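Trainee: take a look and give me a structure for this.
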Amino acid sequence: MNTLIIFIKNPIRGKVKTRIAQTAGDDRALQIYHSLLKHTRAVAMPVEAQRLLFYSDFIDTNDDWPQPDFDKRLQQGTNLGERMQNAFAQALSAAERAIIIGSDCALLTSALITTAFQQLNDHDFVLGPAIDGGYYLLGMKELTPALFHDIAWSTDTVLPATLQRIESLRKSCFLLPALPDIDHESDWQQYGWNDN
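Mentor: Predicted coordinates for the structure are as follows:
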């Protein structure tokens, strides 16, 4: 069985896309984040997998993510690494392959996620590199805590550090095409779409 883990932030004004808000304001940042959530939801729906939706702050049972299409849960941990490790632990307790995505990649497609699951048949890990040095997708077949500890999250060293860990474990990794994350207003203007 395949499981798709989706990490999102609760869409609260002033708490999402704060770097976009610095130039575009809180209202526009929230509007852009809602557009990214809509895109992520549309990309996740066609994928043949169980879908675990992990919220940052609280589980919203009355939002645009329909149940039972999405199994709603709460992120647990003091940093991103701990939260991802805990989510993978839950997913891999019942699934043979698990992939995690966030909600920051406007160019992510269902086909890319499907390809990632397929590549896990022949590789230990799959990574979707983000142009800024992080990653927009991570897939694995066995829980591997080494990928989540002592990583400088939200920096341009995340991807190289992760690849170095995988190499040190003597494991194989398939790389998907590099895509941009939407972190700044200019990213949205370049890679987003007309959401008015």
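Trainee: where do the strands sit along this structure?
Mentor: 2-8, 50-55, 71-74, 97-101, 125-129, 135-140, 173-175 (DSSP state E).
Trainee: can you give the contact residues for the lengthiest helix in the chain?
Mentor: Using DSSP state H, we find that the single longest helix of the chain is helix 26-44. For helix 26-44, contacts defined as CB atoms under 8 Å, 6 or more residues apart in numbering pick out 4, 6, 8-9, 11-14, 16-18, 20-21, 24, 51, 64-65, 70, 101-106, 108-110, 113, 182, 185, 188, 192-193, 195. Glycine gets a C-beta too; all of them are placed from N, C-alpha and C.
Trainee: how about that helix: buried residues?
Mentor: For helix 26-44, a neighbour-count test (16 or more other CB atoms under 10 Å) marks 26, 29-33, 35-37, 39-41, 43-44 as buried.
Trainee: same check on stretch 70-85?
Mentor: Buried residues in stretch 70-85, counted by 16+ other CB under 10 Å: 70, 72-73, 75, 80-81, 83-85.
Trainee: what's in contact with it?
Mentor: 5-7, 44, 50-56, 58-61, 65, 86-87, 90, 100, 138, 143, 145, 148-149, 151, 153-154.
Trainee: alpha carbons only: can I get it in CSV?
Mentor: Output of stretch 70-85 as CSV, limited to C-alpha atoms (Å, rounded to 0.1, in the frame of the first residue of the first chain):
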residue,chain,number,x,y,z
PHE,A,70,-8.1,12.8,3.7
ASP,A,71,-7.4,11.1,7.1
LYS,A,72,-6.9,14.2,9.3
ARG,A,73,-4.2,14.2,11.9
LEU,A,74,-2.0,16.7,13.9
GLN,A,75,1.7,17.2,13.4
GLN,A,76,3.7,16.2,16.5
GLY,A,77,7.2,17.3,17.4
THR,A,78,9.3,20.3,18.4
ASN,A,79,10.8,20.9,14.9
LEU,A,80,10.1,20.0,11.3
GLY,A,81,12.4,16.9,11.4
GLU,A,82,10.6,15.5,14.5
ARG,A,83,7.2,16.2,12.9
MET,A,84,8.1,14.5,9.7
GLN,A,85,9.7,11.5,11.4
